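> Structure of the sequence below:
(one chain, ligands or ions: 1)
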Amino acid sequence: MAHARAPHQSRCAPEVSVPENESTTAQPGLENLLHETRSFPPSPEFAAQANAQPALYEEARADRLAFWARQANDLVTWRTPFTETLDWSQAPVARWFADGTLNAAYNAVDRHVEAGLGDRVAIHFEGEPGDTRTVTYAELQRDVSRAANALAALGVETGDRVVIYLPMVVEAVVAMLACARIGAPHSVVFGGFSADALRSRIADAEAKLVITADGGYRRGAASALKPAVDEAIAPKEGADPTTVEHVLVVRRTGQDTAWTEGRDVWWHDALESADTTHTPVWVEAEHPLFILYTSGTTGKPKGILHTTGGYLTQAAYTHRNVFDLKAESDVYWCTADIGWVTGHSYVVYGPLLNGATQVIYEGTPDSPHQGRWWEIVEKYKVSILYTAPTAIRACMKWGEEIPARFDLSSLRVLGSVGEPINPEAWMWYRRVIGGDRTPIVDTWWQTETGAIMISPLPGVTAAKPGSAQVPLPGIVADVVDDEAHSVPNGGGGYLVLSEPWPSMLRGIWGDLERFKDTYWSRFPGIYFAGDGAKKDEDGDIWLLGRVDDVMNVSGHRLSTTEIESALVSNEIVAEAAVVGASDDLTGQAVVAFVILRGEHAARAADADGAAAVQTELRNHVAKEIGPIAKPKRILVVPELPKTRSGKIMRRLLRDVAENRTVGDATTLADSSVMELISAGLQKPSSSDD
Ligand code: PRX
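Down below sits the predicted model:
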C-alpha cells in the first residue's frame, strides 16, 4: 500500500463543472486542483546546524546586488577583484562582476590544494564493472594541469571550442577543467547522442578538438563511442568540412578502435608527456565557460552560453546552501551525467568549488542488479544524494525491499531535479530512502538558468511533497497570467524570472535574435521559462510541466503533471504519462498511458480486464481531482517512451493518442518502445461515459 494517499491529505478537491456556455476566458491560468496539506519542517537539530539560516532571505531582500556581491567574494577567489556587480544596460544580455578576472579550474582545484587540502578526496569513482579509483584534490590538480598542457600542445588556444563526448569517468571532469584552465569553452555532448547530433553540435560551435573515449560501460557491456566521433567529423556531402583538427581519445574499455594517424591522439600518451604544472589563464568574468546544447520547440538545438564569474558564484552558492554541504564531512553524490547541465553545475563546478568529496558512478542503477545505487550509498557512506524523479519512480517500481537491504543511514539530505516530482514519489523517497528523517529539496531550474533557482532550503523551509516552493534568496520569480500580472495565491499561470541572476544564460551561441525571441518576447523585459506553475494558498510555487504539456479540456486548463500524480497515487499504477489529444467535443481530451505495478500488470491482459482497470483509474482520478480531469482513455502499456535523460516524450504519445503515424523517435533511449506500445494498443479501449 505504498501509494495509498495519506489520510491527512485533503480529498476535497473542488468539483469543477463549468456550465456549458460559460466563457473559458473567465478562467485565468491553470486550474488549481490538487491540494497538498502534508508538511515536513526540518528537525530542530538540522535547522540549528544548517548553512542557510532564515537571515539569508532577509539579507537578499534588503539589497539583492550587495547579497550577490558578497556571495561572489565569499565563494569564489578572484585574481582581480570586481568593482561592479551587475551591468544590465545591454539587457537581456547581463554582465555580472564584469571587471573581475578569475579562472574556473583554479577555483575548483588549485586553491584547495593551496589551502592545505590536497589530500582530501575529490572523487570516489565507481566504474560500472566494479573498478574504482580515488582522486584527491592534489591528484586532480596534477591531472588537470597535464591535460591543460596537452590541449595547448594540440593547438587549443583561449577562446577555441572543445567538444567533450565521454562516458562518466574521471577524465570527463579533468577534460572540462582543463578547458576551463586555458579559457577554451567546452561543449559537452551527452555520450548517448548519435553521430548526427554530435556533428551538428560540433559544426555549430566550430570546435577545434573533440575529446572522447574508445567506449564506456553500460548495462554490463562495453559500448563504443569513438566510431560516432569518426562519423561525425568525416566528410559529408552537403556539409562543410569539419573544423576539428584533433581527436583526443581516453582508453576506457580497451576495445578495438579505428585510428586516423596525425589526427587521433591517445589521452594517456598526451598526458604522460605533459608537464604537471600549468599556470591558469586568468579570464574576465564574462569569458565564455561553456556551451551546452538543449532542445527547443524547433528541431535545431540551442547552444546555451554560460560565462565564468556569475555562473561559478551561483553554482557554488546553491550547492552549499541547498544541499547544506559540509565539505569536511559530507560525501555528496549527484547521479546526473556530465552531458546535462546538472552534471556541469552539480558534479563539476558546484561541488569542486566548495571542496566537496563526491561519488561519480559510470553506469545505470540496475547494473548488475537493482540495488546498485544503494550499495554505492552504503559503501561510500553517501550523505547527500541528488537525483531525478524518473529514477525514483523506477526504484518504486522495482520495490522497496531492494533499498531495504542496504544501510542508508548515512543519508542526511535528498534532492530532486528535472521534472515535477509527484507527491507520492516524494513521500516514497523520503520514507524508503531517507528513513523518514531527511529533508528533501525539490530543485527547479533549467539549462538556461545555470543553477538552482527555486527550492526549499533544507534547514529553513517546511517541505511540501511535490512543490519546489520558494525562490532562493537572491532570486526573484513569479507566476503570472497572460498579461504578465502576478496571479494571486491559489492561481496558476506562467513561471517567470523577473530580475537577472548571476548564472543566467548570456545567449544562444551565434544567435542573439533567437535568444531574445525564445525567452524575452512572450513577456517583454522578463524571462519566461516555458513552464506552467501555480501558487498555493501559502504562495508556494508548484511546477506544472512545460506549457506545451498543458491541456485545455472544455475550457479548463489542466496540467498533465497533476493528473499523472493522481494516477500514480493509485496503488496499481507504477508510472503514468498524460497527454491532451484533440477532441471534437471538448477541444482536448485527457489520454493517459499507464504502466501497472508488477502484480497488477496481468489484470489488463484481456479486453475485459483492461476495461475494468480503465474504469477503476478513471474513477480514482475523478475522486482525487474532479470529474473534469478524468482521462477519456487510459491505455495500459509496458513501457513509456523516454529520452536518454529520462524525460517522457509526450509528443510521441500524443501521436498515438491522436491515431497519427508516430513522429521522429530518434532521440528515444530505446527505440523499440513505440512499437511495443503500438502493438499493445490494437485492443479496443474507449471511454464509456
Ligand atoms: O520543465 C522544467 C523541468 O525541466 C526543465 C529544464 O530542463 P533542463 O534544461 O533539461 O534542465 C534539467 C535540470 C535542471 C524545466 O523547464 N524541471 C526541472 N526541474 C524541475 C522541473 N520541473 C519541475 N520541478 C523541478 N524541480
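> who's in contact with the residue nearest to residue 281 when sequence neighbours are not counted?
The spatially closest residue to residue 281, leaving aside those adjacent along the chain, is residue 183, at 4.4 Å (Cβ to Cβ, 6 or more residues apart in numbering). Backbone N, C-alpha and C define where each C-beta goes, glycine included. Going by Cβ atoms under 8 Å, 6 or more residues apart in numbering, residue 183 touches 103, 158, 159, 281, 283, 287.
> Which of the three states applies to the residue in the stretch 501-650 of the chain that the ligand sits nearest to?
Nearest residue of the stretch 501-650 of the chain to the ligand: residue 543, at 3.4 Å (Cβ to the nearest ligand atom). Following DSSP: H, G, I helix; E, B strand; the rest coil, the label given to residue 543 is strand.
> what number of residues lie near the closest residue to it other than its chain neighbours?
Closest residue to residue 543 apart from its sequence neighbours, by Cβ to Cβ, 6+ apart: residue 420 at 4.8 Å. As a burial measure, residue 420 scores 27 neighbours (other Cβ atoms under 10 Å).
> Residue 420 reaches residue 541, doesn't it?
No. At 11.0 Å, residue 420 does not count as touching residue 541 under the criterion of Cβ atoms under 8 Å.
> so residue 243 makes contact with residue 204?
No. Residue 243 lies out of contact with residue 204 (Cβ under 8 Å); the separation is 10.3 Å.
> Specify which residue of the two has the higher count of neighbours.
residue 204 (20 against 16).
> Provide a list of residues in contact with the more buried one.
Contacts of residue 204 by Cβ under 8 Å, 6+ apart are 293, 301, 303, 509, 510.
> Double-check that the third one belongs to a helix.
Okay, so that is residue 303. No. Residue state for residue 303 (three-state DSSP) corresponds to strand; a helix is not indicated.
> tell me which parts of this structure are close to the ligand?
Within reach of the ligand by Cβ under 6 Å from any ligand atom, the chain has these residues: 294, 341-342, 417-420, 442-447, 468, 529-531, 543, 546.
> Show me those that map onto helices.
341, 342 (DSSP state H).
> Pull out the buried residues from the residues of the chain next to the ligand.
294, 341-342, 417-420, 442-447, 468, 529-531, 543, 546 (16 or more other Cβ atoms under 10 Å).
> The closest residue in space to residue 488 that isn't next to it in sequence: how many residues sit nearby?
Once flanking residues are discounted, residue 488 sits nearest to residue 535: 7.4 Å by Cβ to Cβ, 6+ apart. Residue 535 has 21 neighbouring residues, counting by other Cβ under 10 Å.
> Kindly report the same for residue 633.
Neighbours around residue 633, by other Cβ under 10 Å: 17.
> So which helix or strand of this structure has the lowest pLDDT on average?
Across the helices and strands of the chain, mean pLDDT, DSSP states H and E gives its lowest value to strand 556-559, namely a mean of 65.
> and the residue most central in space within the chain, what are its phi and psi?
Compute the mean C-alpha point of the chain, and by Cα atoms, centre = their mean the closest residue is residue 418, 3.9 Å away. With angles defined as degrees, to the nearest 10, residue 418 sits at phi 120, psi -30.
> The chain should start at 51 in everything you say after this.
Sure thing, new numbering starts at 51, so read that last one as residue 468.
> so who does the closest residue to it other than its chain neighbours touch?
What sits nearest to residue 468 in space, not counting adjacent residues and going by Cβ to Cβ, 6+ apart, is residue 438, at 4.2 Å. Residue 438 makes contacts with 385, 386, 466, 467, 468, 469, 696, as judged by Cβ under 8 Å, 6+ apart.
> For the stretch 251-400 of the chain, give the residue positioned nearest to the ligand.
The ligand sits closest to residue 392 of the stretch 251-400 of the chain, with a gap of 4.9 Å, by Cβ to the nearest ligand atom.
> any chance you could map the helices in the stretch 151-300 of the chain?
Listed in chain order, the helices of the stretch 151-300 of the chain (DSSP state H, counting those that start in this stretch) span 154-155, 161-162, 187-203, 220-232, 245-255, 276-283.
> where among those is the average confidence lowest?
For the helices of the stretch 151-300 of the chain, mean pLDDT drops lowest on helix 245-255, to a mean of 90.
> can you list the domain ranges for the chain.
Domain assignment of the chain by automatic domain parsing yields the ranges 94-530, 620-732.
> All set now, cheers.
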